[in-house]
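Undergrad: here are the coordinates; sequence isn't available:
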């Protein structure tokens with residue numbers, strides 16, 4: 001099993017730890033617990049055996065602590081609640097519902113299916129985002145290297161060739177005029193300006209950008225801004241599949257993918273909670289805390305407040321353009337017929353199909369666009385540097 005992201009356990013609050021396991025380890029734990037419940041095996045002995053098999057010391061420590069809590073008479077939900085960094089509130093709520101109903105094995109299997117579905121969605125999102133991100137990073141690195149290391153060499157060659165070229169009367173006059181207008185410049189700096197003015201537009205722009213990037217007061221803020229942007233992008237990438245914000249919904253081409261994934265999570269989680277005996281109010285509260293800070297969360301909070309006041313869940317879905325009209329219509333009819341959980345299950349499958357379809361669209365569209373964009377950038381940079389050399393050689 002993979003090692004957790006925390007190397008040690010330390011009290012995070014009374015009776016809790018800060019042990020954090022990887023999602024794969026948590027899913028492995030859930031599968032084993034489901035097997036113990038289905039085969040009517042004692043959890044305590046099963047956890048003891050599991051602790052002997054795992055290699056991650058954090059995982060082993062967590063299993064031993066849960067085993068000890070079970071031996072002391074605590075419920076499984078109470079024992080797992082001591083590790084909030086690993087077991088989410090949603091997971092604990094589902095396990096508690098299973099223990100109260102006596103259907104723990106079935107509910108744990110549904111929880112595993114839920115976790116696997118969320119993992120598949122996250123993998124599809126990462127698949128769609130990773131390729132463009134890697135290409136953009138490589139292109140940006142190439143451009144920075146070219147601007148900072150290659151362009152200055154070409155600039156020096158151009159200046160050297162020009163210094164040995166014959167100077168026309170017109171160029172001499174321009175030199176004198178510029179020297180009179182800019183007495184603060186040395187003759188070499190004036191020559192640089194004259195050489196730059198003679199080049200094609202692409203060459204002038206590339207050389208000017210290169211000079212600007214080599215100025216410390218420009219380069220340092222640019223690198224700082226770039227670092228913050230990369231760090232923010234990495235954080236968002238890590239949270240994708242778990243949390244979404246409104247910014248992600250507004251990204252061109254990727255927005256529909258993120259919204260479909262968020263709605264799939266909402267409908268699938270709502271279905272699993274309601275099917276396992278969790279109340280509508282509590283289900284809305286739990287789902288709103290797991291979907292991220294966005295307009296969907298705001299709408300879910302409004303729905304929970306309306307249901308608490310005695311209102312209908314589906315009658316308050318409309319408004320704000322948060323949920324698709326077809327989704328609202330289906331849920332309203334399903335609630336009237338007492339088939340709300342079935343409708344949520346069907347909708348979650350539809351949104352999962354939408355995620356797969358949008359991922360394919362992005363992949364098919366991004367590949368040629370990225371290749372064409374990369375080729376265009378490389379062509380412009382090399383043309384801007386090599387055209388002056390061809391001119392000197394008389395080609």
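TA: Received it, and whenever you're ready, just let me know what you need. Small disclaimer: the values here were computed from a predicted structure and weren't measured.
Undergrad: measure residue 146 to residue 197 for me?
TA: Between residue 146 and residue 197 the computed distance is 23 Å (C-beta to C-beta, to the nearest Å). C-beta here means a position set from N, CA and C on the backbone, and glycine is covered the same way.
Undergrad: swap in residue 19?
TA: According to C-beta to C-beta, residue 19 stands 66 Å off from residue 197.
Undergrad: what's the answer for residue 182, then?
TA: 13 Å.
Undergrad: Could you do residue 272 as well?
TA: The value you get for residue 272 to residue 197, if C-beta to C-beta is used, is 69 Å.
Undergrad: chain center to the longest helix along the chain, what's the gap?
TA: What stands out as the longest helix in the chain, according to DSSP state H, is helix 340-393. Relative to its chain's centre, helix 340-393 lies at 17 Å (C-alpha atoms, centre = their mean, to the nearest Å).
Undergrad: Quick one: mean pLDDT for it?
TA: Averaged across helix 340-393, the pLDDT comes to 85.
Undergrad: Could you name the helices and strands sitting against that helix?
TA: On a contact count with 3 or more C-beta pairs under 8 Å, 6 or more residues apart in numbering; DSSP states H and E, helix 340-393 meets helix 104-145, helix 151-163, helix 201-213, helix 255-275, helix 325-336.
Undergrad: ranking those by burial, who's on top?
TA: Sort the helices and strands packed on helix 340-393 by mean neighbour count, taking mean count of other C-beta atoms under 10 Å, and helix 255-275 sits at the top with a mean of 23.
Undergrad: Past that helix, which element shows up next along the chain?
TA: Later in the chain than helix 255-275, the nearest helix or strand by DSSP states H and E is helix 280-288.
Undergrad: Stretch 31-47: which residues count as buried?
TA: Residues 31-34, 36-37, 43, 46-47 are the ones in stretch 31-47 that count as buried (16 or more other C-beta atoms under 10 Å).
Undergrad: what's the first-to-last distance across it?
TA: In stretch 31-47, first residue to last residue: 12 Å (C-alpha to C-alpha, to the nearest Å).
Undergrad: what mean pLDDT does stretch 268-285 have?
TA: 88.
Undergrad: contacts for that stretch?
TA: Stretch 268-285 has contacts (C-beta atoms under 8 Å, 6 or more residues apart in numbering) with 90, 93-94, 97-98, 100-101, 103, 107, 110-111, 114, 117-118, 286-287, 290, 300-301, 303-304, 307-308, 313, 340-341, 344-345, 348.
Undergrad: again, only using 7 Å
TA: Here stretch 268-285 makes contact (C-beta atoms under 7 Å, 6 or more residues apart in numbering) with 90, 93-94, 97-98, 101, 107, 110, 114, 117, 286-287, 290, 300, 303-304, 307-308, 313, 340-341, 344-345, 348.
Undergrad: next SSE after the worst-scoring helix or strand of the chain on mean pLDDT?
TA: When each helix and strand of the chain is scored by mean pLDDT, DSSP states H and E, strand 11-13 comes last, with a mean of 39. As assigned by DSSP H and E, the chain's next helix or strand after strand 11-13 is strand 16-17.
Undergrad: could you give me the average pLDDT of that following strand?
TA: Mean pLDDT, computed over strand 16-17, is 82.
Undergrad: How far does it sit from its chain's centre?
TA: Centroid separation for strand 16-17 versus its chain: 28 Å, with C-alpha atoms, centre = their mean.
Undergrad: For residue 152, give me its contacts.
TA: Residues in contact with residue 152 (C-beta under 7 Å, 6+ apart) are residue 210.
Undergrad: so where is the protein shaky, pLDDT-wise?
TA: Applying pLDDT under 70 to the chain flags residues 1-15, 159, 161-179, 181, 184-196, 233-243, 389-395.
Undergrad: So between residue 19 and residue 197, which is more surrounded?
TA: Neighbour count, other C-beta atoms under 10 Å: between residue 19 and residue 197, residue 19 has more, with 23 against 10.
Undergrad: Now for residue 64: which residues touch it?
TA: Neighbours of residue 64 in contact, by C-beta under 7 Å, 6+ apart: residue 51.
Undergrad: Tell me the spacing between it and residue 71.
TA: Taking C-beta to C-beta, one finds residue 64 at 10 Å from residue 71.
Undergrad: Run through the residues that contact residue 119.
TA: Counting by C-beta under 7 Å, 6+ apart, residue 119 has contacts residue 23.
Undergrad: how close does it get to residue 303?
TA: 27 Å.
Undergrad: Can you give me the end-to-end span of stretch 74-90?
TA: Stretch 74-90 stretches 19 Å from its first residue to its last (C-alpha to C-alpha).
Undergrad: That one: which residues count as buried?
TA: Buried, per 16+ other C-beta under 10 Å, within stretch 74-90: 76-88, 90.
Undergrad: Residue 374 - nearest residue in space that isn't next to it in sequence?
TA: Counting by C-beta to C-beta, 6 or more residues apart in numbering, residue 139 is the residue found nearest to residue 374 once chain neighbours are left out, at 5.5 Å.
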